[in-house]
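**Q** below: sequence and its predicted model.
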Amino acid sequence: MIGIGFIRKGRTKRLQKVWTTLSSAYRQRIQIRLTLYFLLILVPLVGISLFSNISSMDILEKQTDERTETSLQSVLDNIDISLQDLENLIVLLSMDYSIKPILHEANAILLTSDLYGLYSVMDRLTNVVAINGHIREVSILHSASGMLISTQYGARILEHDNESWYQAVLKANGKTVLYNPLPGEENLFGLETISFMRLMDLQNKEDAANVLVLTVDRGLLQERIQSVQPSPGSSIYLYSADGELVAGTDQNYLRDEWGDSSSGEKRAGKDMLVWRMQSESTGWSIVMIQPELELYQKSRQLSQITNLIIGISIILALFISYGVYKWISSPLRELIFGMKQMRMGKLSIRLTRKRSDEFGALTDAFNQMIAEQQLLIRDVYEHQLQSSKTELKFLHSQINPHFLYNTLDSIYWTAKNYDVNEISEMVLNLSKFFRLSLSKGREVFTVAETVTHLEYYLRVQQFRFMDQFTVRFDIAEDTKELRVLKLLLQPVVENAILHGLEKRGTGGELVISSSLQEGSLCLTVKDNGMGISEERLDFIRSEIEKLNRQENLVTITENSVKDLFGIRNVVGRMKLYYGIDAMLFMDSVWQEGTTITLQIPLERLMEKPA
């Protein structure tokens with residue numbers, strides 16, 4: 001009992017799991033719901049079609065039963081009448097007083113007078129055959145002499161005492177006996193015939209052994225039953241009261257194969273339908289066998305057509321539901337994709353309007369919303385930028401450039417007077433660096449001016465680190481007059497010195513280069529410092545990739561990661577002034593050095609910065 005309970009619990013859990021999975025799919029997927037709804041629409045059609053098929057089969061079956069039973073009963077009644085006529089005739093002949101004396105007077109050894117009498121009996125029987133056309137032959141066996149006189153074959157002597165048919169007639173004691181040899185057996189009265197035998201007058205025991213025989217063609221009965229045969233593929237059989245096969249359209253069947261069917265019964269066997277009708281008066285029966293395929297062929301064709309229509313309807317429902325799902329889900333998927341892009345900060349995303357219905361209006365509304373969002377963000381950022389510019393200009397206004405330059409100039413000449421050349425050169429470069437940095441409020445430099453500005457800055461750093469590294473510039477001629485943002489490279493150069501060359505010690509080299517590649521200006525800062533570890537490099541690259549994809553300019557400078565402030569500042573300025581196509585790339589090998597490349601579209605360089 002414990003084991004059975006455990007199995008039941010396991011089945012229950014599996015069923016619950018299946019039900020949960022199906023319910024979840026139904027709730028979460030529109031396609032499944034649409035498909036189910038379309039299939040539910042077909043349920044009445046399928047139900048009515050199947051019900052109609054079953055009903056038509058039942059009606060056809062009942063009509064066939066009634067029609068077949070009526071036909072069989074009609075034939076059986078006709079045969080009963082014929083059998084009754086034969087019975088009356090055989091009784092009448094057996095009691096014929098013109099025949100009985102002749103048979104009685106005939107001796108065991110026939111004399112001429114006896115033969116003459118028997119021939120006169122034959123003439124009497126010939127007249128009977130002539131009057132009754134359905135009788136083929138009438139015969140009388142004179143038991144004492146063994147003489148069989150026949151209207152068909154004349155007279156002949158038989159050894160009849162041990163014959164089975166003769167013994168059957170004797171046992172019947174005056175009742176009519178059917179003589180129905182099996183196919184292939186010897187027939188006394190001709191092939192394809194059946195005979196009805198009866199003893200002559202039972203009142204005279206001396207004549208009781210004489211036998212009267214009426215013979216009819218088996219084909220006559222076969223023609224009668226064949227008249228109701230519905231099709232060439234069907235078979236019909238006539239059985240005697242003893243269950244012997246008397247006539248049939250197919251002699252290959254055993255004579256008792258269908259003999260045990262009850263009256264009016266229809267049963268399936270060997271893909272056949274069987275009907276049997278039995279006479280209440282004679283006990284004879286008629287059996288008809290018809291293949292199921294013949295009876296139900298047309299109805300099955302109709303059923304197959306109906307099933308085909310149902311199958312096509314289901315397939316069409318599946319295709320239509322899928323088409324409707326695609327028709328609905330396609331714009332929804334595009335809208336979801338656009339929302340995901342918007343959430344990632346890509347405000348330049350726009351959806352293509354492909355429809356003129358409600359989904360088209362929804363697409364237009366989304367595009368309008370994201371455009372307004374983009375304008376709003378830019379307005380906010382420009383407001384913040386304007387505030388920063390105002391603050392910077394205010395700071396500049398607080399600085400007296402002449403005072404700064406005069407002070408640095410005084411320090412320079414004091415150092416020269418005391419022959420401290422290093423201090424004087426450092427102060428001179430610092431003075432030039434500040435002079436270019438302020439540059440009367442200019443926001444952009446040419447690449448050549450940027451290089452000059454970096455030279456002053458780098459010379460100060462070389463004094464600071466006691467010439468631990470050298471600097472080399474590789475500036476392409478076709479880039480020198482291009483205008484870039486002021487101080488754009490300075491944070492990158494500073495990172496290269498502080499995080500790369502300083503940790504190396506002596507022998508460091510810093511290379512600053514520019515080139516034009518595929519419609520963009522590429523500014524590269526390369527050092528042979530300590531480089532960056534692989535784990536740290538992966539993190540920095542992922543952050544740079546996020547910055548390169550970022551379209552929300554406000555969030556670039558508001559990120560909480562503080563150790564990448566310099567890079568974040570450079571990327572933010574590039575995105576603001578040169579658009580989303582401006583990129584920053586980093587490559588580094590541990591203990592070999594780091595390379596940072598700034599890529600700026602040329603078409604934006606030709607415009608006046610905002």
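**A** Received, thanks. Numbers count the residues shown, from 1 in each chain.
**Q** burial count for Asn569?
**A** 15 (other CB atoms under 10 Å). The way it works is simple: take the backbone N, C-alpha and C, and place the C-beta from them, glycine included.
**Q** for Lys298, same thing?
**A** Neighbours of Lys298 (other CB under 10 Å): 11.
**Q** against Thr64, how distant is it?
**A** Using CB to CB, to the nearest Å, Lys298 is found at 12 Å from Thr64.
**Q** roughly how far is stretch 573-590 from the heart of the chain?
**A** Counting by CA atoms, centre = their mean, to the nearest Å, stretch 573-590 is centred 50 Å from the centre of its parent chain.
**Q** ends of it, how far apart?
**A** Across its full length, stretch 573-590 reaches 29 Å between end residues, using CA to CA, to the nearest Å.
**Q** okay, Ile600: pLDDT?
**A** On the pLDDT scale, Ile600 is placed at 92.
**Q** over to the one 5 residues further on?
**A** Leu605 is assigned 79 on the pLDDT scale.
**Q** do the same with Met277
**A** 86.
**Q** what packs against the one helix or strand Asp538 maps to?
**A** Assigned by DSSP states H and E, Asp538 belongs to helix 534-549. When contacts are defined as 3 or more CB pairs under 8 Å, 6 or more residues apart in numbering; DSSP states H and E, helix 534-549 packs onto helix 565-578, strand 583-589.
**Q** measure Ile32 to Pro44 for me?
**A** Counting by CB to CB, the gap from Ile32 to Pro44 is 21 Å.
**Q** the more surrounded of the two?
**A** Ile32 (15 against 9).
**Q** now do that one against Val46, distance only.
**A** Between Ile32 and Val46 the distance is 20 Å, computed by CB to CB.
**Q** can you classify Val287 by secondary structure?
**A** strand (DSSP: H, G, I helix; E, B strand; the rest coil).
**Q** I'd assumed Arg276 was in contact with it.
**A** Yes. Counting by CB atoms under 8 Å, Arg276 is a contact partner of Val287 at 4.7 Å.
**Q** so where's this structure shaky on pLDDT?
**A** Counting by pLDDT under 70, the ranges of the chain that qualify are 1-11, 21-31, 183-186, 201-208, 251-270, 295, 299, 381-441, 550-563, 606-610.
**Q** would you map out the domains in it?
**A** If you go by automatic domain parsing, the domain ranges for the chain are 60-294, 468-481+501-605.
**Q** and of those, who's closest to Gln490?
**A** Proximity to Gln490 (CB to CB) singles out domain 468-481+501-605 among the domains of the chain, at 9.2 Å.
**Q** what residues sit buried inside the helix or strand hosting Tyr456?
**A** Element membership for Tyr456, per DSSP H and E: helix 447-464. For helix 447-464, burial by neighbour count (16 or more other CB atoms under 10 Å) applies to 447, 449-451, 453-463.
**Q** by contact count, what packs against it?
**A** Using 3+ CB pairs under 8 Å, 6+ apart, helix 447-464 sits against helix 421-438, strand 469-475, strand 483-485, helix 490-496, strand 508-517.
**Q** what strands line up against the last one, and which way round?
**A** Going back to what we said before, that points to strand 508-517. Take DSSP bridges as the rule and strand 508-517 pairs in its sheet with strand 469-475 (parallel), strand 520-527 (antiparallel).
**Q** right, and the ones you listed - which one's nearest Met197?
**A** Closest to Met197 of those, according to CB to CB: strand 520-527, at 123.8 Å.
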